[in-house]
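> task: produce atomic coordinates for the following.
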Amino acid sequence: MKATEQAKPDLLIVDDDPLITDTLNFVLSRDFSVYVAASRAQVKSLLTQLDRPPQLALIDLGLPPTPHRPDEGFRLISELIAHSPGVKIVVLSGQSDEANARHARTLGAIDFVAKPADPETLGGLLRRALEVREAELGAADGGLMGRSLPVEKLRQQISQFANAPFPVLIEGESGSGKELIATSLHRMSHRASHPFLALNCAAISPTLVEPTLFGYSKGSFTGATTSRAGYFEDARDSTLFLDEIGELPLELQAKLLRVLENGEYQRVGETQSRVSNARVVAATNRDMRQEIRAGRFRADLYHRLSVFTINVPPLRELGEDKRALLDHYREFYARQARVDPFEFAPEAMDVWLDYGFPGNVRELRNIVIRLTTKYGGQKVGSDQLRAELDMENLDIELPGLAVGQDFKSVLESSKRHLQLQKNFNLDSTLAQWERGYVEAALMITQGNLTQAARMLGIHRTTLYSRMQNYADTGDAANTPRPAAK
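Next up, the predicted model:
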């Protein structure tokens with residue numbers, strides 16, 4: 001019986017309604033090892049206690065302390081994927097309007113189900129999500145795809161840096177493929193015959209990072225019943241990938257710096273120095289220079305890690321490579337689903353190539369999964385495609401906002417915005433940007449109307465009049481109250 005339970009995939013259910021979690025736990029525990037949490041804080045605590053991250057998650061968007069808004073659920077999706085990039089997330093939520101569904105999928109959720117939902121139906125969705133996960137893990141192809149100049153530059157850098165003994169720092173947005181770069185560096189090096197070891201620094205409790213990296217001796221802390229090697233010892237003669245390096249606790253950064261400088265480290269509870277020749281590759285989606293200025297990351301460690309630096313471009317900068325990725329993933333997932341690949345109508349392909357993919361390759365892959373499920377063997381039109389894209393939350397550069405932007409740039413950005421944004425309304429778009437600048441100025445000046453007006457280049461009475469307009473239309477809930485100055 002115990003062996004059967006261990007073979008079950010792990011499922012994390014997050015919902016603040018005990019009736020829902022109890023029902024789902026009862027039904028789904030037949031096929032899954034279920035863990036339950038009622039809030040984002042509880043999830044964080046639970047993840048530090050688990051031996052491995054869950055393969056699947058079923059989460060609500062409306063969680064405490066703001067159960068009537070989707071913000072906590074959106075944050076949780078991002079945090080779960082940062083903790084475990086391979087996790088497959090299905091959202092089960094009463095906040096089921098299309099905008100929320102699209103944004104959840106952009107952040108990395110594989111599917112979205114409106115409440116109420118049949119537990120057996122959810123079980124089927126979760127089993128299919130697990131099949132997708134296993135197929136991705138078992139895929140033999142792990143190389144870079146595309147022929148754009150940025151991708152060719154990546155290939156050149158990987159080839160150039162692969163056999164060097166020095167650290168590599170990989171920088172890039174979430175979902176852009178940083179781990180793929182790390183594994184490519186390993187496979188092209190003389191270390192390829194040894195196991196590639198990876199540790200997500202965001203996926204482990206801060207108190208466990210040191211013994212996990214460096215090992216520990218028996219009795220060195222409560223629960224240390226035996227001596228154990230750490231990642232640096234296990235990764236000798238190989239590659240150690242430290243993902244989310246910006247999450248490394250400040251007090252451990254000096255110890256990591258020492259290993260990078262001379263290879264020396266100590267197991268927790270020992271005085272004997274050991275030596276590791278592991279090649280360290282680190283990755284982050286943070287602005288490390290900003291982290292240094294804020295005192296959260298050591299400048300000397302940053303410079304040691306970034307002997308070689310690889311910047312992974314966001315998908316929106318890869319142009320026609322979006323087509324190559326589309327071809328690859330729709331063939332792959334069509335084979336998994338045992339259906340014919342879908343096709344795009346010409347106008348749908350134009351939308352695809354113009355879309356910015358804020359979730360990068362991870363978002364593209366999930367869109368292809370959904371299109372394959374819905375339209376396998378069919379032709380997909382532009383309206384069907386737009387229904388899967390996160391247009392409302394897409395960060396599009398609007399015309400005329402950049403300082404010194406010439407008219408040609410204004411024209412191009414206007415054209416792109418109009419092509420991507422369905423049901424575009426000029427008045428509402430400009431009103432949103434105006435209010436955004438007003439609120440930003442008031443926040444910066446802590447509500448000082450005179451200073452905010454000067455920052456915006458308008459008269460104080462003009463600013464006050466516009467704030468009154470927000471109040472009259474009921475849009476002033478988040479606008480800072482002006483200071484009495």
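> tell me which helix or strand the most centrally placed residue in the chain sits in.
For the chain, the residue nearest the mean C-alpha position is residue 174 (4.1 Å; C-alpha atoms, centre = their mean). Per DSSP states H and E: residue 174 is located in neither a helix nor a strand.
> give me the neighbour count for the nearest residue to it once chain neighbours are set aside.
Distances taken as C-beta to C-beta, 6 or more residues apart in numbering put residue 285 closest to residue 174, at 4.9 Å, once the chain neighbours are dropped. Yep, even glycine has a C-beta here, placed from its N, CA and C like the rest. If you count neighbours by other C-beta atoms under 10 Å, residue 285 ends up with 17.
> got phi/psi on residue 285?
phi -110, psi 10 (degrees, to the nearest 10).
> ok so, going back, and the residue nearest to the centre of the chain, its phi and psi?
When read as degrees, to the nearest 10, the backbone of residue 174 gives phi -60, psi 130.
> and if you look at the one 5 residues further on?
Note on residue 179: its backbone torsions stand at phi -70, psi -30 [degrees, to the nearest 10].
> distance of it from residue 136?
Distance from residue 179 to residue 136, counting by C-beta to C-beta, to the nearest Å: 12 Å.
> between those two, who's got more neighbours?
Counted by other C-beta under 10 Å, residue 179 and residue 136 do not tie: residue 179 has more neighbours, with 19 against 16.
> that one contacts residue 198, correct?
Yes. Here residue 179 reaches residue 198: they are 7.1 Å apart, a contact under C-beta atoms under 8 Å.
> what's the overlap in contacts for the two?
Common neighbours of residue 179 and residue 198, counting by C-beta atoms under 8 Å, 6 or more residues apart in numbering, are 241, 243.
> count of residues packed around residue 293?
By other C-beta under 10 Å, 11 other residues sit near residue 293.
> actually, residue 312.
Neighbours around residue 312, by other C-beta under 10 Å: 22.
> backbone dihedrals for it, please?
phi -90, psi 120.
> can you tell me which residues contact it?
Counting by C-beta under 8 Å, 6+ apart, residue 312 has contacts 154, 170, 171, 172, 173, 176, 177, 178, 181.
> hang on, isn't the fifth one packed against residue 357?
So the one you mean is residue 173. No. Using C-beta under 8 Å as the test, residue 173 is too far from residue 357 to be in contact (10.0 Å).
> looking at the two, which has the bigger crowd around it?
The neighbour comparison of residue 173 against residue 357 (other C-beta under 10 Å) goes to residue 357, with 23 against 17.
> quick one: which helix or strand includes the more buried one?
Using DSSP H and E, no helix or strand contains residue 357.
> surely it touches residue 363?
Yes. Counting by C-beta under 8 Å, residue 357 does reach residue 363; the two are 5.3 Å apart.
> overlap in contacts of these two?
Counting by C-beta under 8 Å, 6+ apart, the contacts common to residue 357 and residue 363 are residue 315.
> which of the helices or strands spans the spatially closest residue to residue 466 that is not a sequence neighbour?
Excluding the flanking residues, the one nearest residue 466 by C-beta to C-beta, 6+ apart is residue 438, at 6.2 Å. If you go by DSSP H and E, residue 438 is part of helix 426-444.
> which elements pack onto that helix?
The contact analysis (3 or more C-beta pairs under 8 Å, 6 or more residues apart in numbering; DSSP states H and E) places helix 426-444 against helix 449-456, helix 460-472.
> for these, which has the smallest mean pLDDT value?
Of all those, helix 460-472 carries the lowest average pLDDT, namely a mean of 79.
> by contact count, what packs against that one?
Helix 460-472 packs on helix 426-444, helix 449-456, going by 3+ C-beta pairs under 8 Å, 6+ apart.
> can I get the CA coordinates of the last one in PDB?
Provided in PDB are the C-alpha atoms of helix 449-456 (Å, rounded to 0.1, in the frame of the first residue of the first chain):
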ATOM      1  CA  LEU A 449      -0.500  68.500  -5.700                       C
ATOM      2  CA  THR A 450       1.900  71.300  -6.500                       C
ATOM      3  CA  GLN A 451       4.900  69.000  -7.000                       C
ATOM      4  CA  ALA A 452       2.900  66.400  -8.900                       C
ATOM      5  CA  ALA A 453       1.500  69.000 -11.300                       C
ATOM      6  CA  ARG A 454       5.100  70.300 -11.900                       C
ATOM      7  CA  MET A 455       6.300  66.800 -12.600                       C
ATOM      8  CA  LEU A 456       3.400  66.300 -15.100                       C
END
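> touching, residue 343 and residue 384? I think so.
No. Between residue 343 and residue 384 there is no contact under C-beta under 8 Å: 11.6 Å.
> what sits in contact with each of residue 173 and residue 357?
Joint contacts of residue 173 and residue 357 (C-beta under 8 Å, 6+ apart) are residue 314.
> for residue 168, phi and psi?
For residue 168, the backbone dihedrals (degrees, to the nearest 10) come out as phi -130, psi 130.
> hey, which of the helices and strands packed on helix 460-472 is tucked in deepest?
Across these, averaging neighbours per residue (mean count of other C-beta atoms under 10 Å) puts helix 449-456 on top, at a mean of 18.
> ranking the helices and strands packed on helix 460-472 by mean pLDDT, which is last?
helix 426-444 - the lowest mean pLDDT of those, at a mean of 82.
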